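# Sequence first, predicted model second:
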Amino acid sequence: MGEPAMASNKFDAAKIAEEIYKNAGGLENVLTFNNCMTRVRLNIKDDSLVDTAALKKIPGVLGVVHDEELQVVIGPGKVNKVAAEMAKMSGTKLGEQLPDNAGFSGKKAVAEKAARIKEQTKAKQKPSKFKTILKDISNIFVPMIPAFVGSGLIAGIAAILSNLLTSKTISGTEWTQIVLVLNVIKNGMFTYLVIYTGINAARVWGATPTLGGVTGAVTLLTGMTPDAPIKNLFTGQALVAGQGGIIGVIFAVWMLSVLEKKLHKIIPDSIDIIITPMIALLVLGLAEIFLIMPLAGFVSDGLVGSLKWVLNVGGAFSGFVLGAAFLPMVMLGLHQILTPIHVQMIQQLGYTPLLPILAMAGGGQVGAAFALWVRLRRDKEMTEMIKGALPVGILGIGEPLIYGVTLPLGRPFITACLGGGIGGAVIGWIGHVGAIAIGPSGLPLIPLIANGYWWAYVLGLLAAYLGGFIITYFWGIPKDRLAQQKQLADEFKDAAIEPQVKENVKETLTALTDGKIQGVEYASDKAFASKKLGDGYVIVPASNKIYAPVSGTVSSIFPTKHALGITSDDGFEILIHLGIDTVSLKGTPFDIRVREGQHVSAGILVAVVDWSAVEQMNKSTETMVVVTNMDAVKRLILKVSSNQSVNAKDEVAEVITR
């Protein structure tokens, strides 16, 4: 009756996908699923059907997070293969809602520890609109992180080569052609970022994805020429492509989702597919062109005046303001107004002192990311994402860090901007630091620094790194994330203690009640019968009194009282599960007579159960006793015949360590 050995360690994406669906409660329990750089994310109908413990045991799964959504950590590269297999099995695409009759059925199982932590976390957290907005922003941009990272690295390499060409360090048409090709590849992402943002935002808010993409594309003002510009209704000036930026697109798509849902209710079904898209695009397109983009233009005009004043003041103050304000400007699409300022300065001075200061904003993001890596090091998704985005950020491409890391968390984005301000203050204080051409920031800008002041630029960059790190480390970590780290640390500590089972030990398990006993493989609950939760026995109780099957410490009691765990004196983790699917009874039939942390002797009364109430609710009374840390078990032997009647406290099984 020992635990079956794993047949192969080979990565099997199809098998992992099948096991994820199975232990998530079946395909019919999954509303939608998607994946980011490291994990599959599932929106679940009924959380009680999710078997977190079994999910963690799937070969190839690195971890599981189960809070507002179910997240299965698989790792970079491999997660895409698993998500593709899940799409095949469900017959749907990423982000689409699964049909109600999809696939195989899942079974309810046990996830005591994960469920308890979830309840504790939810009880401590206060819902807020701000957190909801941040979560929506995260859901919009996280699926784009792999493209950000890949395109960003290509852009960084292109920037280095381009700047080396400009500074005459390298030359030749071959290098120019290489840079051109690399830029064409990276532009596939960054030029059309507003379109991808519109598509993902539409998915998040329930609008039609293609309409969201078109809504984003409107800001590109495709077809508009200098000879026939679209005028700003308020100022009469020509609109600039990209005015309004990413934030404008997100707001417009949110409006699209609201409008489209209302139109679906009003427009007759026979013409809905024709009229609704037309009206939605027309209304939102006009709103973008004649309201959202002009509003951004109004803000940009005010910002130009502010920038001129800041530049006139000069020194460290100017550097701090510009360095701190640059990233919010980028998000609003207002950074476009800086290009003519750069050009004018290069013509007048031979260099632009503005660009090195603004480049510090990316340095603040890098420093903040390092701080998050240190403080949230137990968050596997966060650390994997940071590891992928940091090289790109150091090369001057900040989108992966902004949209994938700091902005979704809220506070780190602000502290990162302040870190950029510190770097800008250093450069402003030194003075005379300028770039001879417009180019990306980060390390690739070093070859373009004029008059030998590259050392000052590097000093400012280091100050931005350090400033972003320190401010974020002490003041930029969200409290809920810190609380999650503490829980993960406690779990890690428990896991470190868990394997300490004594060597060459035989542990005896007694019957926890009167009744008929069998090996756990005969349990009606497939999760237990498969032994994925451990090996042991199942008993059909003939008494309402439940006794401890082993001496040890009560390690956990499930909130609904239908299950509890005991860590034996020899280190075995024993799970007692009272009935099947009894979590839904919310503790009513169960009277637990022990408390967490209490040491109990084998045969002591731990619970009294009203089994008649359980049966009246059409629930099975089968009660399971399993050893969950089977990695330390050589074999488990049932010492009684199958389906034999036993009395409480009879010796029924023997566990032998490896």
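Received, thanks.

# How is the protein divided into domains?
Following automatic domain parsing, the chain resolves into domains at 13-124, 506-657.

# which SSE is Arg203 in?
Remark: Arg203 resides in helix 193-205, with elements defined by DSSP states H and E.

# What residues of the next helix or strand after that helix count as buried?
Proceeding N to C from helix 193-205, the next assigned helix or strand is helix 209-218, under DSSP H and E. By 16 or more other C-beta atoms under 10 Å, the buried positions in helix 209-218 come out as 209, 211-218. To be clear about C-beta, it is placed using only N, CA and C from the backbone, and glycine gets the same treatment.

# Ok, which of the domains of the chain comes nearest Ile422?
Nearest to Ile422, of all those, is domain 13-124, at 29.4 Å by C-beta to C-beta.

# what about the helix or strand where Gly367 lies, distance to the chain center?
Using DSSP H and E, Gly367 falls within helix 354-375. For helix 354-375, the separation from the chain centroid amounts to 21 Å (computed by C-alpha atoms, centre = their mean, to the nearest Å).

# now for that helix, which elements pack on it?
On a contact count with 3 or more C-beta pairs under 8 Å, 6 or more residues apart in numbering; DSSP states H and E, helix 354-375 meets helix 315-331, helix 338-349, helix 380-394, helix 399-401, helix 411-430, helix 454-475.

# So what touches the first one?
So that's helix 315-331. 245-247, 303, 307, 310-311, 335, 338, 354, 357-358, 360-361, 364-365, 398, 402, 413, 416-418, 420-429, 431, 464 (C-beta atoms under 8 Å, 6 or more residues apart in numbering).

# What subset of those residues is buried?
245-247, 303, 307, 310-311, 335, 338, 354, 357-358, 360-361, 364-365, 398, 402, 413, 416-418, 420-429, 464.

# just the strands in the stretch 501-650 of the chain please.
For the stretch 501-650 of the chain, the strands defined by DSSP state E, counting those that start in this stretch occupy 506-510, 515-519, 535-541, 545-547, 552-557, 563-568, 573-580, 590-592, 599-600, 605-609, 620-627, 633-638, 644-646.

# Distance to Leu286, mean neighbour count and mean pLDDT added to those, as CSV?
What follows is the strands of the stretch 501-650 of the chain, written out as CSV (distance: least, C-beta to C-beta, whole Å; neighbours: other C-beta atoms under 10 Å; pLDDT from 0 to 100):
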stretch, distance to Leu286, mean neighbour count, mean pLDDT
strand 506-510, 73, 19, 87
strand 515-519, 70, 19, 92
strand 535-541, 67, 25, 92
strand 545-547, 69, 19, 94
strand 552-557, 59, 19, 86
strand 563-568, 59, 23, 87
strand 573-580, 59, 24, 88
strand 590-592, 62, 19, 90
strand 599-600, 72, 16, 88
strand 605-609, 66, 19, 92
strand 620-627, 61, 23, 90
strand 633-638, 69, 17, 85
strand 644-646, 78, 16, 90
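
# Using CSV, please lay out those strands together with distance to Leu55.
Listed next are the strands of the stretch 501-650 of the chain as CSV, based on distance: least, C-beta to C-beta, whole Å:
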stretch, distance to Leu55
strand 506-510, 27
strand 515-519, 24
strand 535-541, 19
strand 545-547, 28
strand 552-557, 18
strand 563-568, 17
strand 573-580, 16
strand 590-592, 26
strand 599-600, 30
strand 605-609, 27
strand 620-627, 17
strand 633-638, 21
strand 644-646, 33
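
# re the thing from before, mean pLDDT for the helices and strands packed on helix 354-375: which is lowest?
Note on these: helix 338-349 shows the lowest mean pLDDT, a mean of 64.

# ranking the domains of the chain by mean pLDDT, which is last?
Among those, domain 13-124 carries the lowest mean pLDDT, at a mean of 70.

# if you compare the helices and strands packed on helix 354-375, which one is most tucked away?
The highest average neighbour count among these, using mean count of other C-beta atoms under 10 Å, belongs to helix 399-401 at a mean of 29.

# what residues does the helix holding Arg203 touch?
Counting by C-beta under 8 Å, 6+ apart, 95, 136, 139-141, 143-144, 147, 189, 207-217, 219-220, 242, 246, 249-250, 252-254, 256-257, 399 sit against helix 193-205.

# ditto for stretch 423-434
Contacts to stretch 423-434, defined as C-beta under 8 Å, 6+ apart, come from residues 314-324, 345, 349-353, 355-358, 360-361, 363-364, 449-451, 453, 456-457, 459-465, 467.

# 7 Å - rerun?
With contacts defined as C-beta atoms under 7 Å, 6 or more residues apart in numbering, stretch 423-434 is touched by 314-316, 318-320, 322-324, 349, 351-353, 356-357, 360, 363-364, 449-451, 453, 456-457, 459-461, 463-464, 467.

# can I get the CA coordinates of it in CSV?
Written as CSV, here are the backbone C-alpha positions of stretch 423-434 (Å, rounded to 0.1, in the frame of the first residue of the first chain):
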residue,chain,number,x,y,z
GLY,A,423,19.2,60.6,-10.0
GLY,A,424,18.0,63.7,-11.9
ALA,A,425,18.9,65.9,-8.9
VAL,A,426,22.5,64.5,-9.0
ILE,A,427,22.9,65.3,-12.7
GLY,A,428,21.2,68.7,-12.3
TRP,A,429,23.6,69.5,-9.4
ILE,A,430,26.7,68.5,-11.4
GLY,A,431,25.5,70.4,-14.5
HIS,A,432,26.7,70.4,-18.2
VAL,A,433,25.7,66.8,-18.7
GLY,A,434,24.1,66.4,-22.1
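
# Off-centre distance for it?
In terms of C-alpha atoms, centre = their mean, the gap separating the centre of stretch 423-434 from the centre of its chain is 37 Å.

# for stretch 461-480, same thing?
For stretch 461-480, the distance from its own C-alpha centre to the chain's C-alpha centre is 21 Å (C-alpha atoms, centre = their mean).

# got it, and stretch 203-220?
Taking C-alpha atoms, centre = their mean, the mean C-alpha location of stretch 203-220 is offset from the chain mean by 22 Å.

# Also stretch 221-235?
The answer for stretch 221-235 is 40 Å, by C-alpha atoms, centre = their mean.

# Quick one: end-to-end length of it, please.
End-to-end distance for stretch 221-235: 18 Å, by C-alpha to C-alpha, to the nearest Å.

# I'd like the mean pLDDT over that stretch, please.
pLDDT averaged over stretch 221-235 gives 84.

# Please point out which parts of stretch 255-275 sit buried.
Buried residues in stretch 255-275 (16+ other C-beta under 10 Å): 255-257, 259-260, 263.
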